[in-house]
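Undergrad: model this:
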Amino acid sequence: MSNINIGVIGYGYWGPNIVRNFFATQSCTIKMVADGRPERLSALAKIFPSIQGVKDAEDIIGNKEIDAVVIATPVFTHFGLAKRALLNGKHVLIEKPMTSSVAEADELIELAAQKGLTLMADHTFLYTGAVEKMKEIIQTEGIGSPQYFDSSRINLGLFQPDINVLWDLAPHDISILTYLITEEPVSINATGISHTGNEIENIAYLTVNYNSSFVAHFNCSWSSPVKVRQTLIGGDKKMILYNDLEPSEKVRVYDTGYNHKTEEDRTRIMVDYRTGDVSIPKLSTREALAGVAADFVQSIIQKKSPLSNALLGRSVVRILEASQKSIKNQGKEVRIK
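TA: Modelled structure (predicted):
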């Protein structure tokens, strides 16, 4: 298969970006886009007159000329659409988070394996130059042994009607954590609050626990007066600051740390601090979603696993599902299965 015919389901917030990038990707052709809103199909026709717009997703799923389907719809629709597409022999790329539950993810993964089809989650940040560089730094022990991952993703954002702020914002940073840190988490604690009376949390805090001394923490909010997209990754030698709002210098590596020594009196700890240079590595400027599109197409053609594969997507859903249980139980620790 040298050219992949693609259908996109959903032309709302993220759909236009998906269509634009796949349209520019080699070895594929976008044949159809489905969206139930006439005004969205009109917008599609103005920019991409060669692409057929349809109202019903089933027109894409049941079309024998379509090889692969990209799903960019609300989370609660992901499983049903993806399952029908796989049953009809289509390769599938699903917008994050992949599914609403681990059970749904497992069923899709098993179905894709049975049919020999590519199943991929769109965790776009894994394809950014910043995350690629951080992966390289950590793999080469550039910060030493990782000790913590601390992420803040807050803004005065769009309140979602069907998912809470963790399901909306945290998948980005959980996918980055899962990609950068190879150790498996063992449990989570999460707390959150709803200020809208609908029991959908608009502010939430998530802690991911490990058997080692490594820890990860996430702060997510739709209720902040300022927009923050910042992650700190600390090692025992150096520390990384990742600020996604910086136009170019998104990653800084600080030669900063501390050494400690416990004295005979166990209640006293001597700490020596070290402050050194700050380095700013050069990053790839390729658009991340272009990397997603190329990886999906080449994974189909070459029959290989994509970087943002379905197992990684499942790992993200696993943490989100456990966080929901913890929030509803006032922050109780939930073991991750």
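Undergrad: which residues in the stretch 201-337 of the chain form helices?
TA: 288-302, 310-328 (DSSP state H, counting those that start in this stretch).
Undergrad: The stretch 51-200 of the chain now?
TA: Listed in chain order, the helices of the stretch 51-200 of the chain (DSSP H, counting those that start in this stretch) span 58-61, 75-87, 102-115, 129-139, 165-180.
Undergrad: Those helices: which one's closest to Asp272?
TA: helix 129-139 (23.9 Å; C-beta to C-beta). Where C-beta positions appear, they are placed from N, C-alpha and C, glycine not excepted.
Undergrad: which regions of the stretch 151-300 of the chain sit below the pLDDT cut-off?
TA: The stretch 151-300 of the chain contains residues with pLDDT under 70 at 260-271.
Undergrad: domain assignment for this protein?
TA: 4-123+287-306, 126-285+319-335 (automatic domain parsing).
Undergrad: Compute the first-to-last residue distance for the shortest one.
TA: Right, domain 4-123+287-306. End-to-end distance for domain 4-123+287-306: 16 Å, by C-alpha to C-alpha, to the nearest Å.
Undergrad: Please state the offset of it from the chain centre?
TA: Counting by C-alpha atoms, centre = their mean, to the nearest Å, domain 4-123+287-306 is centred 16 Å from the centre of its parent chain.
Undergrad: With stretch 279-294 instead?
TA: 15 Å.
Undergrad: gap between the two ends of it?
TA: 31 Å.
Undergrad: which residues touch that stretch?
TA: Stretch 279-294 has contacts (C-beta atoms under 8 Å, 6 or more residues apart in numbering) with 17-18, 21-22, 24-26, 28, 93, 122, 124-130, 132-133, 137, 248-253, 255, 308.
Undergrad: most tightly surrounded among the domains of the chain?
TA: Mean neighbour count (mean count of other C-beta atoms under 10 Å) peaks for domain 4-123+287-306 among those, with a mean of 19.
Undergrad: How about the contacts made by the nearest residue to Asp255 once chain neighbours are set aside?
TA: Nearest-residue entry for Asp255: Gly276, 3.2 Å, with adjacent residues in sequence omitted and distances by C-beta to C-beta, 6 or more residues apart in numbering. Contacts for Gly276 (C-beta under 8 Å, 6+ apart) come out as 254-256.
Undergrad: so which of the residues you listed comes closest to Leu320?
TA: Tyr254 (30.4 Å).
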